[in-house]
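Student: Structure of the sequence below:
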Amino acid sequence: MENKLIKIANYYNNFDVELAKLKLEENDIYCFIKNENIAQLQFGIANFELMVNESDKEIALQILHEKEE
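Tutor: Below is the predicted model of the structure:
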């Protein structure tokens, strides 16, 4: 079975998306930031998409939600 990548969150600044990525990586969840280079070229408007394996979606969302509280 092929494990495809899906978007679990949008962020509008580099700090927040990098923090979320670190939280997931600390829990051994593979993730990457889509549009990272494009968003950095656009002044004032950034749309970073945090991507994870589809099989990790639920646990990733749980981790991000727990860390916010």
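Student: Now the most centrally placed residue in the chain: which helix or strand?
Tutor: Nearest to the mean C-alpha position of the chain, by CA atoms, centre = their mean, lies L50 at 2.3 Å. Per DSSP states H and E, L50 falls inside strand 48-53.
Student: List the contacts of that strand.
Tutor: 3-14, 16-17, 20-21, 24, 29-36, 39, 60 (CB atoms under 8 Å, 6 or more residues apart in numbering). Where you see a C-beta, it was placed from the backbone N, CA and C, and this is true even at glycine.
Student: quick one: buried residues of it?
Tutor: Within strand 48-53, the residues that count as buried by 16 or more other CB atoms under 10 Å are 48-52.
Student: who's in contact with the next helix or strand after that strand?
Tutor: Per DSSP H and E, strand 48-53 leads on to helix 57-68 as the next helix or strand towards the C-terminus. Helix 57-68 is contacted from outside by 6, 8-9, 20, 23-24, 27, 29, 31, 52, using CB under 8 Å, 6+ apart.
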